[in-house]
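1. test case, fold it:
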Amino acid sequence: MARAPAARELPPPLELMCLKALWTLGEGNVNDIRNVTNRNKPLAYTTVMTLLDRLARKGVASRRKVGRAFVYTPRISEDSIRKLALQQFVTSYFDGSAEQLIDFLRQAPSPNSPANGRETQSRLDSGLDTALL
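-> Next up, the predicted model:
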């Protein structure tokens with residue numbers, strides 16, 4: 001697998017959707033990827049083609065010509081993208097401190113707690129507001 005893209009190169013949502021389809025399939029052409037992505041969000045053939053081309057130009061996916069079509073393969077692992085996204089999240093919301101994130105998560109009520117749903121949501125919203133400030 002290729003090295004993780006630079007921190008600013010976390011794939012945008014539609015590119016990430018195509019990348020997730022590639023991870024599921026292992027490799028595929030535009031129609032293959034479109035069939036997977038259409039389960040969640042219908043996209044035009046040309047849109048998927050453009051998104052896959054962008055991923056290939058960024059080095060996140062590779063492509064090879066097979067007949068008249070390109071077959072795309074992911075060059076970065078799902079775990080690499082997850083680590084990058086988590087790193088950005090921790091940097092943005094917890095001043096780069098994983099300990100602050102862990103403390104925040106420990107304060108959140110468990111799903112099995114008897115607390116009222118509104119109280120739980122209010123507490124989570126309050127904690128998130130505090131974390132964002």
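
2. residue 65 sits in which helix or strand?
-> Assigned by DSSP states H and E, residue 65 falls within strand 61-66.

3. so what does the helix or strand following that strand touch, helix or strand wise?
-> Using DSSP H and E, the next helix or strand after strand 61-66 towards the C-terminus is strand 69-74. Helices and strands touching strand 69-74, as assessed by 3 or more CB pairs under 8 Å, 6 or more residues apart in numbering; DSSP states H and E, comprise helix 13-25, helix 30-37, helix 45-58, strand 61-66. In this view, the C-beta of every residue, glycine as well, is placed from N, C-alpha and C.

4. residue 58 contacts residue 9, doesn't it?
-> Yes - using CB atoms under 8 Å, residue 58 is in contact with residue 9, at 6.4 Å.

5. and those two? Which one has more around it.
-> Neighbours per residue, other CB atoms under 10 Å: of residue 58 and residue 9, the larger number sits with residue 58, 16 against 13.

6. quick one, domains of this protein?
-> Per the record, the chain has its domains at 9-76, 79-132, by automatic domain parsing.

7. report the buried residues of the strand holding residue 65.
-> The neighbour-count check on strand 61-66 (16 or more other CB atoms under 10 Å) flags 61, 63 as buried.

8. direction included, what does that strand pair against?
-> Its sheet considered, strand 61-66 pairs with strand 69-74 (antiparallel) by DSSP bridges.

9. so after the strand it pairs with, what's the next helix or strand?
-> Moving toward the C-terminus from strand 69-74, the next helix or strand (DSSP H and E) is helix 78-93.

10. could you export that following helix as PDB, CA atoms only?
-> What follows is helix 78-93, C-alpha atoms only, in PDB (Å, rounded to 0.1, in the frame of the first residue of the first chain):
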ATOM      1  CA  GLU A  78      -8.800   1.700   4.900                       C
ATOM      2  CA  ASP A  79      -6.800   1.800   8.200                       C
ATOM      3  CA  SER A  80      -4.500   4.500   6.800                       C
ATOM      4  CA  ILE A  81      -7.400   6.800   6.000                       C
ATOM      5  CA  ARG A  82      -9.000   6.100   9.400                       C
ATOM      6  CA  LYS A  83      -5.800   7.000  11.200                       C
ATOM      7  CA  LEU A  84      -5.500  10.200   9.100                       C
ATOM      8  CA  ALA A  85      -9.100  11.200   9.800                       C
ATOM      9  CA  LEU A  86      -8.800  10.400  13.500                       C
ATOM     10  CA  GLN A  87      -5.500  12.400  13.700                       C
ATOM     11  CA  GLN A  88      -7.200  15.400  12.000                       C
ATOM     12  CA  PHE A  89     -10.200  15.100  14.400                       C
ATOM     13  CA  VAL A  90      -8.000  14.900  17.500                       C
ATOM     14  CA  THR A  91      -5.900  17.800  16.300                       C
ATOM     15  CA  SER A  92      -9.000  20.000  15.400                       C
ATOM     16  CA  TYR A  93     -11.200  19.300  18.500                       C
END
